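> Predicted model and sequence follow; I will ask about them next.
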Amino acid sequence: MTNSATTYSIPALHESIDQLPRFQLAHLPTPLEHASRFSQALHGPRIWIKRDDCTGLAFGGNKTRHNEFLIGDALDKHADIVVWGAGLQSNNCRQTAAACAKAGLDCHLVLGRGKPADGPDPIQGNLLLDHLVGASIEIVDDEVGPAVDAKIANAAARFAKQGRTVFEWNRKTVKPLAAVSYMLCMTEIIEQAAAAGFVPDAVYVCSAGSTGAGLALAHAALAQTFPVRHITPIVWPWDTQADMARIANDAAELLGIETRLETADIDVTEEYVGPSYGVPTPGCLEALTLLARTEGILLDPSYSGKAMAGLIDHVRKAQFDQRQNIVFVHTGGTPALFAHADELAAAIAPRVL
Ligand SMILES: Cc1ncc(COP(=O)(O)O)c(C=O)c1O
């Protein structure tokens with residue numbers, strides 16, 4: 001059970017959040033759109049899409065919100081270089097590199113390929129954009145997680161030795177700051193839904209970290225009762241549910257608010273990851289195609305596509321009726337479509353006349 005004597009208002013949350021350093025990057029608020037043809041195709045509830053794929057910077061996505069606070073912090077600490085990393089097709093790294101370009105910071109990325117190279121790495125999708133916005137890039141064989149993190153730390157130490165002021169994005173300190181940005185997204189959802197005449201019956205999002213932690217924290221602080229369902233894109237080697245509660249509580253502490261979450265407050269499922277992180281599942285490919293062909297909205301093959309596959313499955317299992325309103329937070333990731341062009345083309349059977 002959520003542990004808090006105090007309920008906050010949206011202006012009170014904004015007041016706490018406004019105390020933090022912030023660098024404006026995103027087009028906010030992102031639209032909340034009714035996906036009417038998509039909803040009809042599923043014969044299910046009214047599905048609304050919170051368009052965080054439209055946050056604006058270099059193809060947008062959830063990390064642009066995160067970076068408003070992370071780059072704000074880097075500038076506040078007078079950093080001149082950001083050292084960060086993740087997978088070869090990381091959306092996070094693409095948005096971070098673009099944010100650094102806009103803030104006038106250098107950016108060094110350590111990107112894990114997850115296997116030894118079997119030829120040159122195709123400069124496509126997010127990797128192409130990393131180069132385009134001017135990041136320096138180091139590609140390693142390791143998987144995303146502790147092994148890549150250790151190499152990020154090595155790179156940061158190297159730059160520090162050269163006399164650079166490094167803003168090393170230690171995940172323990174950056175995650176709560178990133179979560180704060182998604183508290184604001186939850187306030188937007190509540191306000192936009194109210195303006196459209198409804199209270200969400202559920203919010204769905206692709207998350208296994210800060211994004212969902214921020215949504216869940218604001219939801220609890222504002223005493224909302226609808227479920228917030230986190231569909232993970234990855235099975236981490238740690239307890240994701242406990243980790244997300246911890247991130248939320250660290251964010252609450254940072255803001256000086258009393259709300260605290262327990263592990264059980266985080267509604268999370270790993271059911272739609274499929275055989276592996278980053279490998280599109282049949283459900284993901286169906287979700288991608290159906291949303292594209294009914295709404296012209298593009299999901300991505302590693303994150304938002306899998307989360308939408310989860311929502312579609314829940315609709316088909318009749319978890320909602322047609323009068324209900326479900327909000328799906330589209331966290332972006334679309335440049336990765338191009339890195340998966342061959343698999344996607346095979347799956348969607350292109351219609352060439
Ligand atoms: C498109 C997209 N959606 C969702 C996520 C998950 O975000 P978080 O790690 O904050 O849970 C990511 C993370 O990289 C992402 O790139």
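On my side now, so go ahead. Small disclaimer: the values here were computed from a predicted structure and weren't measured. Residues are numbered from 1 along each chain as shown.
> pLDDT score assigned to the residue nearest the centre of the chain?
Closest residue to the average C-alpha location of the chain: Asn62 at 4.2 Å, with Cα atoms, centre = their mean. On pLDDT, Asn62 comes in at 98.
> Excluding covalently adjacent residues, which one is nearest to it?
The spatial neighbour of Asn62 that comes closest, neighbours along the chain excluded (Cβ to Cβ, 6 or more residues apart in numbering), is Thr331 at 4.0 Å. Quick note: C-beta positions are derived from backbone N, CA and C, even for glycine.
> now for the longest helix anywhere in the chain, which elements pack on it?
If you go by DSSP state H, the chain has its longest helix at helix 171-195. Judged by 3 or more Cβ pairs under 8 Å, 6 or more residues apart in numbering; DSSP states H and E, the packing partners of helix 171-195 are helix 10-17, strand 32-34, strand 46-50, helix 62-76, helix 210-221, helix 240-255, strand 325-329.
> and it, how far from the chain's centre?
Relative to its parent chain, helix 171-195 has a centroid offset of 11 Å by Cα atoms, centre = their mean, to the nearest Å.
> what's the angle between it and strand 46-50?
Counting by axes from the mean of the first three to the mean of the last three Cα atoms, to 10 degrees, helix 171-195 points 130 degrees away from the direction of strand 46-50.
> Can you list the strands that the helix or strand following helix 171-195 pairs with?
As assigned by DSSP states H and E, the chain's next helix or strand after helix 171-195 is strand 202-206. Strand 202-206 has these partner strands in its sheet, going by DSSP bridges: strand 228-231 (parallel), strand 325-329 (parallel).
> buried sites along stretch 231-247?
Buried residues in stretch 231-247, counted by 16 or more other Cβ atoms under 10 Å: Ile231, Thr232, Pro233, Ile234, Thr240, Gln241, Asp243, Met244, Ala245, Arg246, Ile247.
> Point out the residues in the stretch 1-150 of the chain that sit beside the ligand.
Residues of the stretch 1-150 of the chain lying close to the ligand (Cβ under 6 Å from any ligand atom) are Gly61, Asn62, Asn91, Asn92.
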